Structures are given as C-alpha cells and as structure tokens.
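K.L.:
What follows is a predicted protein model with its sequence.
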Amino acid sequence: MSLSIVTVCMNRRQHLIETAARVAAWPHHSEHLILDWSSAVPLRRDELPDDDRLRLVRVDGERDWHLCRAYNLALQLACGDVLFKLDADCWPQPQLDPAALRRDGSLCSFGSGPDGRLGQWILDRSLLEAVGGFNEFLVGYGFDDKDLRARVMARCGGEGPPLQARQLGVIVHSALERIGAGPESRRLPFREATAQAQKRASAMANRVLAASCPWTAQRRGSRYRWNASSASWLVDVESVLRAPIEVDDEVRRLRRTLFWGELMTLPAAVVRQLPERLLPADQRGRLPVGALHRVLWYVIRPFWAWPSWLLEQIQLLRGRRSGGDGSKERFRTAYRSGDVEEMLSLLAGMEPRQRQQLVDRLLFQRAHRPEDVGIQIALLEGLQQMTLLPEHQRAYALIALGWTHLRERSPDQAKRCIRPLEDDVQRLLADPETLRCGRRNRENRLKRLISCWNLLGHLHLQDENWSALLQLSGSSSDVLHRLDPDQLPGDVLLRVSSNWARTLLWQGPQQPQKLVDDLQRLLAIIESDRCAASRPEEDHRGFVRDWLRRMSTWMADPSKRVLSREELASALTVSTLDLIAAAEQYWRQDDPTRP
C-alpha cells in the first residue's frame, strides 16, 4: 500500500510548520504533498522538515481560498494509491494505523470528533476517482467534506471504521484562520465576527450549490498549467466552473442574507429590504466589508442586538454555553465509533432536556440508531437501565429492544423481555391515571400500555402461546369498553388505534363477533370530532376500517374464513416468515385455546 498525505493551505505557515514535523514522525505514509494555495508569503521548503517524503508545490494567482479546487489539484498530483486528506492544523497520532481501518479490502474512513477532525479522511484513490473528488461548484468554506462523504457513501454503501478523535491531533484556532484570512496575531472581534458570518453563509450557500450542481466523475474540473519561471501552477481561468445564472442568483441572495443577518444581528426580511449599496451582495463568495460596516457593528448594532446578548448571558448564568458544551459532538463521535459505554456516559452528563430529546430520536426513529445490531442492542439495554431517564423512555427502550430481537429472529433473547413487559402492564392497569392520562403522545400511559400489549402479542405468537394471546386480547377489549374517550387527547387516541386494533385481532378465530364489535367501537372513537384535528402520517383509520370489513366478511361468509399471508402480515408490526407462519397456524384453529 502506497499512502499519500495531502495538505492544502493558505496563509497557515505557523500551523503547517508545527504539524508537518509531527506528520514526518508518522511511519505509515510514503508521501506528504503540501500545496501552498497562493499564500501571501510563499512557503519555503527549508521551513519544513528534512523528510524526503515531503513534497511542496505552489499555486499562484489565487485571490481567495477555494478548498475544492485546491484539494482536487493536490489529490491529482499525489502519487499514492491511498489518499489521506489532512488539513494544515491536523496530524496523525502514533496509534493511527491505516491497515487496521480496512474493511473488505478497501479503505474508506472519515474523521470524527470536534475541532475540525470531521473534515479528515483516508480513501482508496479508486473510490475518490469514482465520485470525481470535490465539487468545484462549491465556493469558500463549508459543506465540501459533507458533500464528498455523501457521494462516497452512496457509491460504496457505507464506510469503514471512523478516524477517532484520539487518532488525530489538531490545533484549535479561530474561524478567521480557517477561511485563510491571516495569522492569529491579526485577530480582532470585528474580524472574527466577519469570519464566522462568512463561514456560515458560505456553508449554507454550498448546500444549495451541491443540490443544484451535483458533482460526478464525468464533470471536468479546473485545468492548470505549469509556470517554469515561477515554479508554480496557474489556473486556466476559462476552465473554472460557474453555476448556471439562475442558481448563482439564488445563491448570491442566500449568501447576502445570511452573512449580513449573522454579522449585524438582523432578521432576514430586513436584510432583503435594505439596499445593496448599504449591504452589498457577494462576488464569487467574497462580501465586501468596509469602514462603515465596522462602525455599525461596534456602535449601532448593540442597540438592536441587546436581546440576543441578554439571552446569551442568561444561558451562561444557567451554566450553559450558547454553542453547547460539545457533548453532542462527542456523542456523535462515540456513536460513529460504536462506543456504547462512552455514549451512555455522555448522555448521563447532558442537561435533562437535551438528553431527553436525543434519547427520543434513538428510541422512536429507527434510522437514527447504530447500523450494527449488536451495538444497537447494547445501547438499548443501557438506556433501559439508565435511572436518569424518565420512566416512559426506559419502558420504550425495553419495547425497542424486544422488537429488535424479533427482527433479528433471536427468540431466546426476545423471550427475556416478556416478564418486565408484563410487570409494566400490571403497573399501568393498576394506575387509575392510565385511562385518563392527558400527556402527549410518547409520554401517554395508555399509549405505552398498548405498545406493551402489541409487543407481548408478537412474543406470545413466537412461542405459540395461544391462551396468552387470548387473555391479552380480552384485557385490551376490556380497557376499550371502560375507556371514556373524552378523558384522553384525540391525537393519542388516533395514533394508538392501529396497534390497539392489532391487540384486539387475536380474538378473531374464536370470537369474531366480539372482535367486530370492538373494531366498530374503536373506529367510532377515532372518527369522532375529538380526533378530527390529528394528522398522523400513518393511515390509522384506514387500517381499522380494512380489518372491520375483513372480519365482517369473515362473519357473513364461512367460505372466506381464510386469510392470505399478505393480510396476516399486515396485522403484524414485525412480519418475519416465522411470525407469519405462526399467525397462519393460529388463525386456522377452531379453538385457539387448544395446545
């Protein structure tokens, strides 16, 4: 394996001198190519380590920082069949071994962690060339690495182990230096605020450019020619890509609105109304800031920005920073690396509201859980045991765990969920507040009761415990008839109705008339005015209507008392082949109470 480290910089001499020495001490690369993107004071080879693997090249004639064009050229000039993008403020730690990152014989690892580590990666050259490298329509700083990563992930269907935070060293610095605006000694409050506004406006505008001008390997990027007299590369200006005029107009409006709104603490509507003579539009990503804007920022802006300042001070007094304490970023790093212990530790240290919001996403949006099922199960088990979480979140962690075991066809593991689920059901049935709980959807006790019953029904089906299914369905029917719909939120009643119907369906083979009566009552509740304002994505009313029609036909015509596999699958939340086969056996019996 031949690995080339590729670094591009503009006006970052001090960072590069420090990091290049650390890169030279790393033993796993065969080349370190440094491309000087028109720094005001050119880098000199004698300033860098005496390492024959290090190669310095320069591009002249560039006024602004353009990460995508700069890195695309540097990556083309590199020699290795594996490419390691490493910014000027980063270096690999000794414990980083690229060979350990291989998955199925290929390298596809992206950085994780705070302070710019996300933008580093190690990729096989063939994979980078297959997606065409960076999107050269993107201008300035921001979203370039996310766009590249999304295209690489789409190409290979996933990524290898991430570059963990402890494997990458980084020099923490200001946004001013990140956009190539000059050394730290020139840092002033107004310049730093300008750089932050520029960074945000550029990143958001680049999202629009990436969507409007998608990049592929068939796109031809900028061309460069070698200037022997200056020993540098020069771009062919005619080859530099421009977005179509309608896209460019949209992006310029967006960049202007975001930049001046961020810098001057102005609402977007105000920025759009103010004349461009006062708040100019950009030219190729550069927004002109003059002495008048400096005066406005220091003298006038505080008069209308004081509410924002006051809110920030209140957050500080409450022990919170406006940008957060970094725990969410560290959680994302632990999430990507599959470190369950670290994830749980970080959740425990978060403030309650932040923790609850993040856990809600993990519990109720399956796409946000780790892809690796083993890690997913370990995380759900940890959440179930976390006493800092509200009771309903720990209960839903158990429910999510049970569904996961069913999907993975792990009957022994799934069976272990039965006892704690039954205990929760008994607590909820014994609590008189369950049938008049006015809490929102996920915190509502009736919804939790139905969710427990729905999972228990599948677990009993897996065990072919027909008597337990009938008992569960009878209890669900009893609650339905004792319920006063006016005591519960209409949104909860509608959202729980599909799963409630599923818990009632187990009456079908033995008590079809009782099931029809129950479905009629349930449908009457969710078609009442109380539920009219609810607009869930799932068609709960349609589900109940379909099964009411199906069971009415079952009652009227004995020749049609055979349900297809598709119909049985629709009655199941998790429809594995084993569960469908068990459902077929259950519905064929004249008396499901028989062993």
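P.N.:
Yes, it's here. Everything numeric here is computed off the predicted structure, so don't read it as measured data.
K.L.:
can we go C-alpha only for contacts and neighbour counts from here?
P.N.:
OK.
K.L.:
wait, doesn't Ser337 sit right on Gly160?
P.N.:
No. The pair Ser337 / Gly160 is not scored as a contact, 9.9 Å apart, by C-alpha atoms under 8 Å.
K.L.:
And the next helix or strand past the helix or strand bottoming out on mean pLDDT in the chain?
P.N.:
Ranking every helix and strand in the chain by mean pLDDT, DSSP states H and E puts helix 175-178 at the bottom, with a mean of 56. Proceeding N to C from helix 175-178, the next assigned helix or strand is helix 189-212, under DSSP states H and E.
K.L.:
What is that next one packed up against?
P.N.:
For helix 189-212, the packing partners by 3 or more C-alpha pairs under 8 Å, 6 or more residues apart in numbering; DSSP states H and E come out as helix 175-178, helix 245-264.
K.L.:
Rebuild these as CSV, extending it with distance to Glu422 and mean neighbour count.
P.N.:
Output for the helices and strands packed on helix 189-212, formatted as CSV (distance: least, C-alpha to C-alpha, whole Å; neighbours: other C-alpha atoms under 10 Å):
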stretch, distance to Glu422, mean neighbour count
helix 175-178, 55, 21
helix 245-264, 54, 19
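K.L.:
Between those, which one is closest to Trp587.
P.N.:
Closest approach to Trp587 among the helices and strands packed on helix 189-212 (C-alpha to C-alpha): helix 245-264, 59.0 Å.
K.L.:
Remind me what that closest one packs against, helices and strands.
P.N.:
Secondary elements touching helix 245-264 (3+ C-alpha pairs under 8 Å, 6+ apart): helix 189-212, helix 268-273.
K.L.:
the inter-axis angle of it versus helix 189-212?
P.N.:
Orientation check (axes from the mean of the first three to the mean of the last three C-alpha atoms, to 10 degrees): helix 245-264 against helix 189-212 gives 150 degrees.
K.L.:
now helix 245-264: mean pLDDT?
P.N.:
Averaging pLDDT along helix 245-264 gives 93.
K.L.:
Check stretch 464-482 too.
P.N.:
Mean predicted confidence for stretch 464-482 is 95.
K.L.:
change the start of the numbering to 31 and stick with it
P.N.:
New numbering, starting at 31: the last item is stretch 494-512.
K.L.:
neighbours around Pro305, how many?
P.N.:
Pro305 has 11 neighbouring residues, counting by other C-alpha atoms under 10 Å.
K.L.:
Which secondary structure state is assigned to it?
P.N.:
Secondary structure assignment for Pro305 (DSSP: H, G, I helix; E, B strand; the rest coil): coil.
K.L.:
Which pLDDT value does the model give it?
P.N.:
So, for Pro305, pLDDT stands at 94.
K.L.:
Not including adjacent chain positions, what is the nearest residue to the residue nearest to the spatial centre of the chain?
P.N.:
Centrality entry for the chain: nearest residue to the mean C-alpha point is His398, 6.7 Å, by C-alpha atoms, centre = their mean. Among residues not flanking His398 along the chain, Leu392 sits closest, at 5.6 Å (C-alpha to C-alpha, 6 or more residues apart in numbering).
K.L.:
again, but for Val87
P.N.:
Looking at Val87 with C-alpha to C-alpha, 6+ apart, the closest residue is Leu65, at 4.9 Å.
K.L.:
Bridged to the one you found, which residues?
P.N.:
Val38, Val87 (DSSP bridges).
K.L.:
Now do it, the pLDDT please.
P.N.:
97.
K.L.:
Likewise for the one 4 residues further on?
P.N.:
At Ser69, the predicted lDDT confidence score is 93.
K.L.:
Tell me if I am right that it is in a helix.
P.N.:
No. Using three-state DSSP, the assignment for Ser69 is coil, not a helix.
K.L.:
which residues does it contact?
P.N.:
Counting by C-alpha atoms under 8 Å, 6 or more residues apart in numbering, Ser69 makes contact with 39-42.
K.L.:
Could you dump these into a markdown table and include secondary structure and neighbour count?
P.N.:
Listed next are these as a markdown table, based on DSSP: H, G, I helix; E, B strand; the rest coil; neighbours: other C-alpha atoms under 10 Å:
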| residue | secondary structure | neighbour count |
| --- | --- | --- |
| Cys39 | strand | 26 |
| Met40 | coil | 28 |
| Asn41 | coil | 23 |
| Arg42 | coil | 23 |
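K.L.:
closest to Trp577 among those?
P.N.:
Closest approach to Trp577 among the contacts of Ser69 (C-alpha to C-alpha): Cys39, at 64.9 Å.
K.L.:
which non-adjacent residue is nearest Arg283?
P.N.:
Ala311 (7.3 Å).
K.L.:
Next, the contact list for that neighbour, please.
P.N.:
282-283, 285-286, 317-318.
K.L.:
On the pLDDT front, check it for me.
P.N.:
For Ala311, pLDDT reads 90.
K.L.:
what does Ser142 give?
P.N.:
Note for Ser142: predicted pLDDT of 82.
K.L.:
Same check on Arg624?
P.N.:
Per the predicted model, pLDDT is 43 at Arg624.
K.L.:
Run through the chain and note the low-pLDDT ranges.
P.N.:
Residue ranges of the chain with pLDDT under 70: 203-217, 346, 348-356, 619-625.
K.L.:
In a strand, Val36, correct?
P.N.:
Yes. Assessed with three-state DSSP, Val36 lies in a strand.
K.L.:
Verify the contact between it and Ile64 for me.
P.N.:
Yes. With contact defined as C-alpha under 8 Å, Val36 counts as touching Ile64 (6.1 Å).
K.L.:
so what's in contact with the two at the same time?
P.N.:
Shared contacts of Val36 and Ile64, defined by C-alpha under 8 Å, 6+ apart, comprise Ala104.
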